[in-house]
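Novice: How does the following fold in three dimensions:
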Amino acid sequence: MVNAFWLDRDLERAARWLVDTHVTSSVFECSMVLATAVQLRGYDGDDLSFTHPDNPLTRWAADSVENWGYLRAYTAAAHEEWRYRWDHTPDETHGSWDQIAALDGAAVRALDWPADRLTDPPQLTGEWRADDYVDAYRFYYANDKRHLFSWKKDRSEPPWVDEYTVAESADGDAE
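Specialist: Prediction:
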């Protein structure tokens with residue numbers, strides 16, 4: 001399943017807090033979602049990826065140019081983090097990001113977008129739900145993604161992990 005991990009509203013901070021595997025997967029998966037979303041809105045994209053058109057993240061990104069732009073900003077932040085963690089030079093780009101960076105911004109804005117405002121992203125967080133999508137993603141990360149915890153360079157576990165960790169009872173259920 002494709003996903004974006006909304007760990008903070010400050011998207012650069014959210015990207016810094018991504019585990020190593022999610023830095024790369026965020027660039028790859030979210031670039032595909034962005035490409036699919038603009039094609040769903042009518043962008044001529046014969047050379048663009050098209051996948052997961054019914055995924056809630058894709059549907060959300062295709063709902064408004066503001067949603068699409070917010071996901072693009074998240075993906076750009078993850079791309080910069082990808083460069084940093086793996087010592088890529090400023091002129092090196094992830095192949096998935098190339099197709100998004102090359103899109104005609106004016107043509108994207110001119111597409112037939114059903115809504116005209118930014119809405120909260122979907123909570124693709126398994127059983128973890130919260131009134132605030134950032135809280136839901138923090139719960140999801142702290143509990144379901146702990147097995148992936150690994151950060152390169154000077155990146156480390158986010159300071160909020162313990163606050164969002166739910167203890168398990170002896171029978172394995174969250175308390």
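Novice: Which parts of this structure are strands?
Specialist: For the chain, no strands are identified by DSSP state E.
Novice: now the helices: where do they sit in it?
Specialist: 11-17, 20-40, 56-61, 65-85, 95-101, 105-109, 133-144, 161-164 (DSSP state H).
Novice: and those as CSV, adding mean neighbour count?
Specialist: C-beta: built from backbone N, CA, C; applies to glycine. Below are the helices of the chain laid out as CSV (neighbours: other CB atoms under 10 Å):
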stretch, mean neighbour count
helix 11-17, 20
helix 20-40, 23
helix 56-61, 22
helix 65-85, 21
helix 95-101, 17
helix 105-109, 12
helix 133-144, 21
helix 161-164, 13
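Novice: Which among these is found nearest to Phe50?
Specialist: helix 20-40 (5.2 Å; CB to CB).
Novice: can I get the helices of the chain in CSV with distance to Asn3 and mean pLDDT?
Specialist: Below are the helices of the chain laid out as CSV (distance: least, CB to CB, whole Å; pLDDT from 0 to 100):
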stretch, distance to Asn3, mean pLDDT
helix 11-17, 13, 98
helix 20-40, 7, 97
helix 56-61, 6, 98
helix 65-85, 11, 98
helix 95-101, 15, 94
helix 105-109, 22, 97
helix 133-144, 9, 98
helix 161-164, 17, 98
